[in-house]
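S.K.: for reference, the sequence and a predicted model appear below.
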Amino acid sequence: MSGDTGTKTDGRVERGNQTRRLVLGRTMDIASVEGLEGLSLGRLATELQLSKSGVFALFGSKEELQLATIRAAVAVFAREVVTPLQDVPPGARRVRDLCRNWLAYSSGRVFAGGCFFYAVAAEFDARTGPVHDAVARTRLDWNAYVEQSLTEARAAGDFAEDLDVEQLAFEVIALMEAANAKSVLLGETSAYARADRGITARLRAEATDRGRAALDGTA
């Protein structure tokens, strides 16, 4: 009897997990286009043909739905941008490939509205509260990751010891976000190629001979 109960419980849990994944897949796309304020439990229930009570049981409130959506988007971002680099050693080429992965993530419309985090940051940048804090944390974490990648490349000898890591990280992130913004607003996909050229030029300008060789594929 206890085994049957366990099987039924496991089945309910898995159905709940499947519904949660279904809902979050939709909320990420909505938020990337309309913002996190565009989310509502009732809308999702209607669009996905689910019971509103069932959706409410999974998330409890609009704020928790927003926070869960941010967490889900972080996982997708990591899968698309960071994970493919796990076997690439630290260095200038890894930094450039990281930036190219980001450009591909935006240009490929992994999220319908381009970069999810660029969209929701503009929505919540002047607000306060848990959702603002969660969005801000994703931005800080991304900045820190780019800076860490540059620091590791510097330690590997691909950049000069006096490299201003924070400045270079700021510049390459700015180029990526400019490409995303121009593409989403104006439909100019050429912005991604321009950003890639700009990023590579900035990396080459700060690289050592070893780093430039790595960027050129001759190392």
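M.R.: Thanks, I have the structure now.

S.K.: may I ask which helix or strand of this structure has the lowest mean pLDDT?
M.R.: Least confident helix or strand of the chain, by mean pLDDT, DSSP states H and E, is helix 2-34 with a mean of 79.

S.K.: tell me where the model's unsure across the protein.
M.R.: Judged against pLDDT under 70, the low-scoring parts of the chain cover residues 1-13, 16, 219.

S.K.: the residue nearest to the spatial centre of it: what's it in contact with?
M.R.: Nearest to the mean C-alpha position of the chain, by CA atoms, centre = their mean, lies Phe77 at 3.5 Å. For Phe77, the contacting residues are Tyr105, Phe116, Phe117, taking CB atoms under 8 Å, 6 or more residues apart in numbering as the criterion. In this view, the C-beta of every residue, glycine as well, is placed from N, C-alpha and C.

S.K.: most neighbours among those residues, which one is it?
M.R.: Using other CB atoms under 10 Å as the contact criterion, the top neighbour count among the contacts of Phe77 goes to Phe116, which has 28 neighbours.

S.K.: just checking, it touches Ser32?
M.R.: Yes. Here Phe116 reaches Ser32: they are 4.6 Å apart, a contact under CB atoms under 8 Å.

S.K.: spatially nearest residue to Thr151 (excluding sequence neighbours)?
M.R.: Closest residue to Thr151 in three dimensions, ignoring its sequence neighbours and counting by CB to CB, 6 or more residues apart in numbering: Val165, at 5.4 Å.

S.K.: Leu103 now?
M.R.: Tyr192 is the one closest to Leu103 (CB to CB, 6+ apart), at 4.9 Å.

S.K.: now for that neighbour: which residues touch it?
M.R.: By CB under 8 Å, 6+ apart, the contact list for Tyr192 reads Leu103, Ser106, Ser107, Ala179, Ser183.

S.K.: let's see that with 6 Å instead.
M.R.: Remark: with contacts taken as CB atoms under 6 Å, 6 or more residues apart in numbering, Tyr192 is in contact with Leu103, Ser107, Ala179.

S.K.: make sure the last one is indeed in a helix.
M.R.: The reference is to Ala179. Yes. Under the criterion used here (DSSP: H, G, I helix; E, B strand; the rest coil), Ala179 sits inside a helix.
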